[in-house]
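A.B. asks: prediction below, plus the sequence it came from.
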Amino acid sequence: MIQLQGITKFYAGSAGRVEALSGIDLKIDPGEIFGIIGRSGAGKSTLIRCINLLERPSEGHVLVAGRDLTVLDAAALRAARHEIGMIFQHFNLLSSRTVFDNVALPLELIGMTRSAIEERVTPLLDLVGLGDHRGRYPAQLSGGQKQRVGIARALASQPKVLLCDEATSALDPETTRSILALLRDINRRLGLTVVVITHEMQVIKDLCDRVAVLDGGRIIEQGDVFSVFTQPQMALTQTLIRDVIGHETPPGLLERLSQPHLADGAALRRLFFSGQSTDAPLISELSRRFSVDINILHGQIDEIRGRPFGSLLVLAKGEAAQLEAAWAWLAERDVRVEVAHVQ
Ligand SMILES: Nc1ncnc2c1ncn2[C@@H]1O[C@H](COP(=O)(O)OP(=O)(O)OP(=O)(O)O)[C@@H](O)[C@H]1O
């Protein structure tokens, strides 16, 4: 549905030229929810704005539904943009217009009749749960309700693609969850391709099918969300994931572990479970089989779209050969074993 080919973007900065994006190649399939994550300044906003040419790439091509947007003239580009809806962090609603009239605006601009607009907008307001709020003004709405108006407005021109620019960053966690659930629902019902940029791995985990990690204007890692969460390759990805799934060792525990007597003669390991391995009583079996004592210090089991995964930090005591055999036995059962270090 979307193909980015060799996208590079330069800005003229006060200290010279800034290369915000460097040779981005990306393919996003029809109907999927694709997340792009990165730290501040990674180039996320620039990248998503290049998809509908709100920013024109300095080099490269943007294909949406098979059409190269970079070669279109102004009128053809305006028409092509009707196939690409967008929602924003700060909603971008017109304060002088009601909920209904905000959603109707893009349709008024293309000259649709009032009755056709009424027919299009009413079910959209129902879809986003604002059927009863059509006459209200933005100032009378909560943040979550404003974003629902933004979503309905983005869907008004019946796009094939929905771009979400930090759409939940201004919302509290509960409202974020409800907006993410709405986006998933819309994706399923309408078969819409959704592209999300965010700095929050939680949003990727709760919403996306696939993810790309952007750093310094380049994609450093991409894959389906479950694989990236369970087998992150790059240090930045590992850091971003740690923030979400609690692999970070609590400070109090770190301090206790740094006292020599506790970890003395014991092996500190982090065990990563995914899929089948989370349902099996592996730790108790390992303890019996290899005469190893396992002290579980910290851990968490979570799930992505119903598929469980997680990690445990354990302190294991036993004979060296038995311990080695125990780690190998776990690895055969799809448990990744890493030596854990206490700083
Ligand atoms: N209009 C501009 N003029 C000059 N430099 C810009 C402009 N817009 C962005 N940049 C620079 O390009 C780089 C990427 O910026 P961008 O806003 O795309 O990153 P981001 O990942 O979205 O960051 P954030 O999460 O903080 O919004 C940064 O170094 C930024 O300073």
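C.D. replies: Now that the structure is in, tell me what you want to look at.
A.B. asks: now the residue of the stretch 151-300 of the chain found nearest the ligand, what are its backbone angles?
C.D. replies: Nearest residue of the stretch 151-300 of the chain to the ligand (C-beta to the nearest ligand atom) works out as His199 at 5.4 Å. To be clear about C-beta, it is placed using only N, CA and C from the backbone, and glycine gets the same treatment. Main-chain torsions, His199, degrees, to the nearest 10: phi -100, psi 10.
A.B. asks: and what of Val62?
C.D. replies: Taking degrees, to the nearest 10 as the convention, Val62 sits at phi -120, psi 110.
A.B. asks: what about it, how many residues nearby?
C.D. replies: 21 (other C-beta atoms under 10 Å).
A.B. asks: tell me the secondary structure for Ser327?
C.D. replies: Residue 327: Trp, not Ser. Assigned with DSSP: H, G, I helix; E, B strand; the rest coil, Trp327 falls in the helix class.
A.B. asks: tell me how many other residues surround it.
C.D. replies: Trp327: 20 neighbours (other C-beta under 10 Å).
A.B. asks: for Gln231, same thing?
C.D. replies: For Gln231, the neighbour count with other C-beta under 10 Å is 13.
A.B. asks: which residues does the spatially closest residue to it that is not a sequence neighbour bridge with?
C.D. replies: Leaving aside its chain neighbours, Gln231 sits nearest to Arg336 (7.6 Å; criterion: C-beta to C-beta, 6 or more residues apart in numbering). Arg336 has these beta-bridge partners by DSSP bridges: Phe272.
A.B. asks: distance check, Arg336 against the ligand.
C.D. replies: 30 Å (C-beta to the nearest ligand atom, to the nearest Å).
A.B. asks: and what of Thr70?
C.D. replies: Counting by C-beta to the nearest ligand atom, the separation of Thr70 from the ligand is 18 Å.
A.B. asks: so Leu105 versus Val161, what's the distance?
C.D. replies: Applying C-beta to C-beta, to the nearest Å, the value for Leu105 to Val161 is 19 Å.
A.B. asks: just to revisit the earlier point, and the pLDDT at the residue nearest to Gln231?
C.D. replies: pLDDT, Arg336: 87.
A.B. asks: now do the contacts for Leu192.
C.D. replies: Neighbouring residues of Leu192 by C-beta atoms under 8 Å, 6 or more residues apart in numbering: Gly31, Leu155, Pro159, Lys160, Val161, Leu162, Ile186.
A.B. asks: quick one: pLDDT of the second one?
C.D. replies: Read that as Leu155. Leu155 is assigned a predicted lDDT (pLDDT) of 96.
A.B. asks: that one contacts Arg148, correct?
C.D. replies: No - under the criterion of C-beta atoms under 8 Å, Leu155 is not in contact with Arg148, lying 10.7 Å apart.
A.B. asks: who has more neighbours, the two?
C.D. replies: Set Leu155 next to Arg148 and count neighbours by other C-beta under 10 Å: Arg148 wins out with 27 against 23.
A.B. asks: the more buried one falls within a helix, correct?
C.D. replies: Yes - counting by three-state DSSP, Arg148 is located in a helix.
A.B. asks: nearest spatial neighbour of Thr98, skipping sequence neighbours?
C.D. replies: Take Thr98 and drop its neighbours on the chain: the residue closest to it by C-beta to C-beta, 6+ apart is Gly135, 5.4 Å away.
A.B. asks: so where does that neighbour fall, helix or strand?
C.D. replies: For Gly135, there is no enclosing helix or strand under DSSP states H and E.
A.B. asks: ok, now Leu183?
C.D. replies: Using DSSP H and E, Leu183 falls within helix 173-190.
A.B. asks: okay, now the sheet partners of the helix or strand following that helix, with direction.
C.D. replies: Later in the chain than helix 173-190, the nearest helix or strand by DSSP H and E is strand 193-198. Looking at strand 193-198 with DSSP bridges, its partner strands are strand 33-37 (parallel), strand 161-165 (parallel).
A.B. asks: tell me the mean pLDDT over strand 193-198?
C.D. replies: Here the average pLDDT along strand 193-198 is 96.
A.B. asks: output that strand as CSV, nothing but the C-alphas.
C.D. replies: The C-alpha trace of strand 193-198 is given here as CSV (Å, rounded to 0.1, in the frame of the first residue of the first chain):
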residue,chain,number,x,y,z
THR,A,193,-3.8,0.8,6.5
VAL,A,194,-2.6,2.6,9.6
VAL,A,195,0.8,4.2,10.1
VAL,A,196,1.7,5.3,13.6
ILE,A,197,4.6,7.3,14.8
THR,A,198,5.3,7.4,18.5
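A.B. asks: surely Gly35 touches Lys205?
C.D. replies: No - with contact defined as C-beta under 8 Å, Gly35 does not count as touching Lys205 (9.1 Å).
A.B. asks: which residues do the two both contact?
C.D. replies: Here Gly35 and Lys205 share the contacting residues Val225, scored by C-beta under 8 Å, 6+ apart.
A.B. asks: show the contacting residues for the closest residue to Pro250 other than its chain neighbours.
C.D. replies: Distances taken as C-beta to C-beta, 6+ apart place His298 nearest to Pro250, at 6.5 Å, with adjacent residues excluded. Counting by C-beta under 8 Å, 6+ apart, His298 touches Thr249, Pro250, Leu253, Leu312, Leu313.
A.B. asks: the same query, at a cut-off of 7 Å, please.
C.D. replies: Thr249, Pro250, Leu253, Leu313 (C-beta atoms under 7 Å, 6 or more residues apart in numbering).
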